[in-house]
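J.: I would like the atomic coordinates for the input below:
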Amino acid sequence: MPLERGARTPAAGTWPFTGRADELELVRRSVTAGRPGTVITGPAGRGKTRLVTEALRGTDHVRAAGTPETRHLPFAAFAHLLPEPVTLHRAVQLLSGVRLLVVDDAHLLDDSSAALVHQLAVHGRTRLLVVVTDTAAAPEAVSRLWTGELLPRLILEPLPREETADLLTAAVGTAPEPLTAGRLHRLCRGDLRLLRELLGAVRERGPFSTVPETGEWSWRGPVPVTATLRERTAPALGRRTPEERETLERLAFAEPLAPALDDLDLDVLERLETEGLVEVDDEHGTVRLAHPLHGPVLRAAAGRLRARRLTRAPGGCGRALEAETAALARRVERADVRDAEAPVGEWLVAEGARVPAGDAAVRARFARLRGRLREAAAWAREGLRSSPGDPVCRTELALAAAQSGRAVSDGGVSDGGAAVWSAAARGDLDAALAAVADDAYDAVRLGVPERAAGRLTGVFAAHADALARRDGPALDRAAGELERRGFLLFAAEAHAQAARVHRDPSAARTARTRAVALARRCQGARTPALSGLVLGELTARQRQIVTLAAAGLSNRQIAERLTLSVRTVGNHLYSAYARLGGGDRGALPWLVELPGARAAA
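T.: Now for the predicted structure:
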């Protein structure tokens with residue numbers, strides 16, 4: 001059933017702030033710990049200004065900003081703070097009394113303002129937070145802030161896939177299904193302004209669909225090409241020669257398949273590659289558009305007859321889909337599930353076409369082994385749309401649900417792994433171990449490595465051996481190799497097991513921190529190895545508060561229940577986070593013992 005049109009969509013100026021916990025803490029410390037400040041850099045739209053705004057909320061500070069219209073006017077950015085006229089020396093004297101100065105869009109500063117910021121950094125009496133878009137040319141006095149090591153530099157990376165999903169949840173009010181979240185994440189490539197624009201455009205075309213089994217919202221169909229999107233891509237696509245335009249359009253209409261290099265003009269491709277518009281895959285000898293939004297814009301601008309002639313129908317991708325599925329299956333066989341592109345399957349889902357159950361099942365397994373449990377369940381459901389009774393897809397759906405801590409019925413599911421993890425989700429570890437059959441590694445993950453003796457190879461055997469010997473450093477090494485190969489959930493479990501056997505408290509805290517960080521990327525994984533990691537290190541009151549917070553209660557609700565002040569609850573949580581090695585509430589589900597479950601030893 002579609003969501004009602006009244007479903008909340010972010011209005012201008014009300015886009016929620018979520019994620020960025022580590023960056024937020026770093027910026028806060030830079031202005032409260034007696035440090036000289038920080039330069040925050042990154043491309044436009046990455047959320048630099050919003051990060052600073054959130055970090056300084058409730059803090060006294062002064063702001064200045066560069067603008068393109070005033071770059072020729074001396075001290076234009078500081079006109080509201082300085083008398084006119086003023087010398088650089090006098091400007092430094094006047095602003096040295098400012099405790100905290102935020103300079104936004106510093107790449108747009110006029111030369112005098114840039115020199116003033118640089119001198120303030122040299123003198124060191126004013127703490128500076130300087131925001132710079134690093135894809136634009138900045139005055140030399142600004143770039144010397146970090147190249148000359150006057151201020152530390154924080155490069156704001158793209159918002160991770162998981163935090164992008166959290167942002168979409170906060171913006172709409174309901175969680176997106178994983179394949180939709182992944183699609184939006186790929187299309188926007190970390191540009192949060194573009195994400196807001198695209199989400200709004202999708203919403204304007206009609207209500208989102210709802211996944212009946214989960215209540216999550218989904219988006220299928222073509223990308224809406226808005227006037228804003230055309231304007232943003234015009235600098236890259238608008239000034240092309242006829243030959244370049246022809247090549248770009250051919251690539252746009254070839255998606256999701258990548259044409260062979262020999263089928264295109266190599267001289268034209270060289271120019272387009274130099275300008276960052278196309279990417280060449282040397283291994284397979286293919287080429288595709290560099291930005292995922294350029295294809296929709298080019299297709300929308302093509303004439304109707306040309307579009308009708310070049311548009312690819314979903315039914316024409318059968319052989320390519322089979323090849324892509326086979327490549328993913330080979331990766332699983334080689335125990336290498338690092339992130340891999342699968343554009344054909346993703347395109348079919350985006351277009352609303354049905355993916356055969358066999359192909360969907362392989363994608364579900366690949367995602368599950370990577371620890372992306374909600375994505376695995378989404379692929380399994382796609383397969384069941386094509387073949388409702390498919391046993392492999394049903395098993396993958398059951399495995400994803402059970403390893404997310406949800407007990408499921410095993411009726412009609414023949415795979416023993418589903419029975420193992422369903423019992424574990426119910427808290428019946430004995431039944432889970434009794435159900436371990438073909439997959440000996442399940443026993444290792446459940447904390448009983450002797451059940452797997454002589455039945456494993458490679459990194460899985462190393463994990464089993466380290467756990468059997470209760471060797472914390474060896475478990476951490478096995479976890480590192482598992483992570484390198486893409487098995488994020490297995491790596492989180494190995495680090496969690498290491499945290500329990502380390503004799504060195506510092507090593508235990510490091511292993512626990514790594515376990516929490518990896519588990520947060522596993523889309524709600526709740527397995528015995530991850531539960532109850534370190535509550536024993538907390539005071540009784542901290543354990544009580546952390547357990548309530550993990551159950552979803554707000555600070556105010558906890559305060560009312562325990563007859564405490566909201567500030568006291570916050571202070572206890574802050575202290576608990578420091579001991580647990582977690583950054584915020586998102587870490588708590590993997591740190592708190594599951595009701596009725598026994599933690600794996």
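
J.: okay, domains of the chain per the record?
T.: 21-155, 161-224, 236-312, 317-434, 438-524, 535-590 (automatic domain parsing).

J.: closest to Trp15 out of those?
T.: Closest to Trp15 of these, according to CB to CB: domain 161-224, at 5.4 Å. Where C-beta positions appear, they are placed from N, C-alpha and C, glycine not excepted.

J.: in stretch 459-474, what counts as buried?
T.: For stretch 459-474, burial by neighbour count (16 or more other CB atoms under 10 Å) applies to 459-467, 470-472, 474.

J.: next one: stretch 211-222
T.: Neighbour counts over stretch 211-222 (16+ other CB under 10 Å) mark Val211, Thr214, Glu216, Trp217, Ser218, Trp219 as buried.

J.: who touches it?
T.: Contact with stretch 211-222 is made by 1, 3, 7, 172, 174-177, 179-180, 183-184, 202, 205, 208-210, 296, 349-352, 377-378, 381, as judged by CB atoms under 8 Å, 6 or more residues apart in numbering.

J.: what's the ChimeraX line that selects buried ones from those?
T.: Command for ChimeraX, covering only those of the contacts of stretch 211-222 found buried under the criterion 16+ other CB under 10 Å:
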select :3,172,174,175,176,177,179,180,183,184,202,208,209,210,296,349,350,377,378,381
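
J.: filter the contacts of stretch 211-222 down to just the ones in strands.
T.: Among the contacts of stretch 211-222, DSSP state E puts Ser209, Thr210 in strands.

J.: what ranges do the strands span in the protein?
T.: Using DSSP E, the strands found in the chain span residues 37-42, 62-65, 100-104, 127-133, 153-155, 209-210, 217-218, 278-281, 286-289.

J.: so which of the ones you listed is nearest Val332?
T.: Of all the strands of the chain, strand 278-281 sits nearest to Val332, with 21.5 Å by CB to CB.

J.: which neighbouring elements make contact with the closest one?
T.: Applying 3 or more CB pairs under 8 Å, 6 or more residues apart in numbering; DSSP states H and E, one finds that strand 278-281 contacts helix 242-254, helix 266-274, strand 286-289.

J.: with mean pLDDT and distance to Arg445 added, can I get the strands of the chain in a markdown table?
T.: Shown next, in a markdown table, are those (pLDDT from 0 to 100; distance: least, CB to CB, whole Å):
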| stretch | mean pLDDT | distance to Arg445 |
| --- | --- | --- |
| strand 37-42 | 95 | 38 |
| strand 62-65 | 96 | 51 |
| strand 100-104 | 96 | 48 |
| strand 127-133 | 96 | 44 |
| strand 153-155 | 95 | 36 |
| strand 209-210 | 92 | 33 |
| strand 217-218 | 95 | 31 |
| strand 278-281 | 90 | 36 |
| strand 286-289 | 92 | 38 |
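
J.: closest to Gly190 out of the buried residues of stretch 459-474?
T.: Checking the buried residues of stretch 459-474 against Gly190 by CB to CB gives Val459 as the nearest, at 31.2 Å.

J.: and the closest residue to that closest one other than its chain neighbours, how far from Arg370?
T.: Sequence neighbours aside, Glu481 is the residue nearest to Val459 in space, at 4.7 Å (criterion: CB to CB, 6 or more residues apart in numbering). According to CB to CB, to the nearest Å, Glu481 stands 15 Å off from Arg370.

J.: more crowded one of those two?
T.: Arg370 (23 against 18; other CB atoms under 10 Å).

J.: can you add distance to Arg144 and give the strands of the chain back as a markdown table?
T.: Formatted as a markdown table, the strands of the chain follow (distance: least, CB to CB, whole Å):
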| stretch | distance to Arg144 |
| --- | --- |
| strand 37-42 | 10 |
| strand 62-65 | 18 |
| strand 100-104 | 14 |
| strand 127-133 | 11 |
| strand 153-155 | 12 |
| strand 209-210 | 52 |
| strand 217-218 | 47 |
| strand 278-281 | 33 |
| strand 286-289 | 37 |
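
J.: of all those, which lies closest to Ala307?
T.: strand 286-289 (16.2 Å).

J.: output that closest one as PDB, nothing but the C-alphas.
T.: What follows is strand 286-289, C-alpha atoms only, in PDB (Å, rounded to 0.1, in the frame of the first residue of the first chain):
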ATOM      1  CA  THR A 286      34.700  -1.600 -21.200                       C
ATOM      2  CA  VAL A 287      33.700   2.000 -20.600                       C
ATOM      3  CA  ARG A 288      30.800   3.600 -18.800                       C
ATOM      4  CA  LEU A 289      29.700   7.100 -17.700                       C
END
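
J.: and the contacts of it?
T.: Contacts for strand 286-289 (CB under 8 Å, 6+ apart): 248, 251-252, 254-255, 258-261, 264, 269, 277-281, 295, 298.

J.: ok, of the residues you listed, which come out buried?
T.: Looks like the contacts of strand 286-289 have 248, 251-252, 254-255, 258-259, 264, 269, 277-278, 280, 295, 298 buried, using 16+ other CB under 10 Å.

J.: ok so, going back, who wins for proximity to Leu24 among the helices and strands packed on strand 278-281?
T.: In terms of CB to CB, the element of the helices and strands packed on strand 278-281 nearest to Leu24 is strand 286-289, at 34.3 Å.

J.: Ala121 touches Pro36, doesn't it?
T.: Yes: with contact defined as CB atoms under 8 Å, Ala121 reaches Pro36; the gap is 6.7 Å.

J.: helices and strands of the chain: which one bottoms out on pLDDT?
T.: helix 566-580 (a mean of 75; mean pLDDT, DSSP states H and E).

J.: can I get it in PDB? Just the C-alpha atoms.
T.: What follows is helix 566-580 as a C-alpha-only set of coordinates in PDB (Å, rounded to 0.1, in the frame of the first residue of the first chain):
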ATOM      1  CA  VAL A 566      17.800  14.600  32.100                       C
ATOM      2  CA  ARG A 567      21.300  16.000  32.500                       C
ATOM      3  CA  THR A 568      22.200  13.200  34.900                       C
ATOM      4  CA  VAL A 569      21.000  10.600  32.400                       C
ATOM      5  CA  GLY A 570      23.000  12.300  29.600                       C
ATOM      6  CA  ASN A 571      26.100  12.400  31.800                       C
ATOM      7  CA  HIS A 572      25.800   8.700  32.600                       C
ATOM      8  CA  LEU A 573      25.400   7.800  29.000                       C
ATOM      9  CA  TYR A 574      28.400   9.900  28.000                       C
ATOM     10  CA  SER A 575      30.500   8.100  30.500                       C
ATOM     11  CA  ALA A 576      29.200   4.700  29.400                       C
ATOM     12  CA  TYR A 577      30.000   5.500  25.800                       C
ATOM     13  CA  ALA A 578      33.600   6.200  26.700                       C
ATOM     14  CA  ARG A 579      33.900   2.900  28.500                       C
ATOM     15  CA  LEU A 580      32.100   0.900  25.900                       C
END
